[in-house]
Each structure stands twice: as structure tokens, then as C-alpha cells.
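Peer 1: Using only what follows, build the 3D model:
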Amino acid sequence: LAQKVENEFIGVNCGIMDQFAVAFGEANKAIVLNCDTLKYKIVDCNLGDYNLAIINTNKPRKLAESKYNERVAECQQALADLNTEITLHNLCELSYDKFALHKHLIQDETVLKRATHVIKENDRVNLAAKALNDGALEEFGRLMYASHQSLKDLYEVTGLELDTVVDFCRDYEHVIGARMTGAGFGGCAIALLKKGKEDDFAKQLTEYYVERVGYPAAIYISEIGNGASAI
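Peer 2: Numbers count the residues shown, from 1 in each chain. All right, here's what the predicted structure looks like:
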């Protein structure tokens, strides 16, 4: 119902991920969700010596007026191009190796970039789930940075504000991973921050961000909690 409201009344062609996480989230767990079938599995997300920092860029945005819907259309075009030769319900049915055999079907360079991001990102999700299961937080953090770089270069949904946050995190020794989260074009980034470094992180990031963007971001330290429930 919440997705239907966003799609049909607000005008944002979003998927089901946010609503699903709110409904089915569990404390100290991550959800590996197939947004096509809604099949999912829960994996441990023990952050150990790290907290989850949420950094709101404070950039005003309206997704219905952004290029969000344009990205959806570009992915749909990529799927249509691939389906001239193979049969797919969604782009994530392909591994990148299999995609490489058929990507010549996508003639538009921009559409090819979007599809490349989506398929490589899906591979990263599978690797990230394994890293969490193995307790390999540094590998998980590396995948976060790789994800953000792809969102910047191939999907092109980051922008100055989000890139400034992640660039700072990459050089800050007490963060092991960071990426934008959500739809992009502003909004928030998340980072895995060493416990005990919250005040220093906030001070240094604020100085760095204000110098480059002109106004401060908002920084929150969070834990992974349960989804919505009756109280």
C-alpha cells in the first residue's frame, strides 16, 4: 500500500525495499531481499567495534522532480534491449559475467552504464551478505565504497554533497566503509564508524563539509533496530 501511494499519488516510481525494511527489519540483522519475488533471508549484522553513522546532507530534494524516475526508465530500456535476444524478468537475473556476453544489445551508452551498475551492484550485494555472515567487516566496508563509486560514475545519482561525505570518510582512519543510501540526489550517507570516535568524526566532518558545501550536515549515531511494531 505504501509503495502504491508513492507510485500512483506522489509520482515516484520506487520499489518495495524501504517499506519492506520498515516492516520486517530485525535488530542487528540485515535483509537480503529479492524485490521481484519478495523472497528474502535474514543475515547477521554484528558491527562489533563499529557504530552506524547516518549523515544527512541537508540538501533539499523532491524525488518526483529529480532524475529518479529517469533512472527507472533507463533500466527498463536496458531490460527491453536485452530481451531482444534473451528472456529476463529483471536485470538482476544476470551475473556480470553473463551480462558481458549480451551487453552489445544495449546501444545507448548511458543506458549501458545504468545496467552495468545495477548488475555489478547485485553481485556486490551477494558478496556483502557473505562478508556479514563471515564477520568480515573490512570487506563489507570495501564493498560499501565500491558501491558508492559505481553510484557516482555509472548510475550518476550522488552529487557534491554525498560525494563530499564519502570522500571524507574514505580518508578518515576510523571509518572502514561508507556509501550513499536511499534514492540519491541528496539525502543521507551511512558509514561504519569506530566506537569512541563519534565526537571527533562529527567535528572534522562538519569542518570539511561546510568548507566545500557551505552549510553543515546532520550526523546521527545509530544501531540496527527492529522494524515497526505495536507499542
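Peer 1: Just the terminal-to-terminal distance for stretch 25-39.
Peer 2: 14 Å (Cα to Cα, to the nearest Å).
Peer 1: So what touches it?
Peer 2: Stretch 25-39 has contacts (Cβ atoms under 8 Å, 6 or more residues apart in numbering) with 15-17, 20-21, 24, 40-47, 89-90, 92, 125-126, 129, 132, 223-227. Every residue, glycine included, has its C-beta placed from N, CA and C.
Peer 1: In the protein, what helix or strand scores lowest on average pLDDT?
Peer 2: helix 2-5 (a mean of 65; mean pLDDT, DSSP states H and E).
Peer 1: ok, which stretches of this structure are helices?
Peer 2: Assigned by DSSP state H, the chain shows helices spanning 2-5, 17-24, 68-82, 96-102, 109-134, 137-153, 160-171, 198-213.
Peer 1: ok, the residue most central in space within the chain - contacts?
Peer 2: In the chain, the residue lying closest to the centroid (Cα atoms, centre = their mean) is Thr181, at 4.2 Å. Contacts for Thr181 (Cβ under 8 Å, 6+ apart) come out as 187-190.
Peer 1: and which of these is nearest Tyr208?
Peer 2: Tyr208 lies nearest to Ala189 out of the contacts of Thr181, by Cβ to Cβ, at 13.1 Å.
Peer 1: Correct me if wrong: that closest one contacts Val165.
Peer 2: Yes - the pair Ala189 / Val165 is scored as a contact, 4.4 Å apart, by Cβ atoms under 8 Å.
Peer 1: the more surrounded of the two?
Peer 2: Val165 (30 against 27; other Cβ atoms under 10 Å).
Peer 1: pLDDT value on that one, please?
Peer 2: On pLDDT, Val165 comes in at 99.
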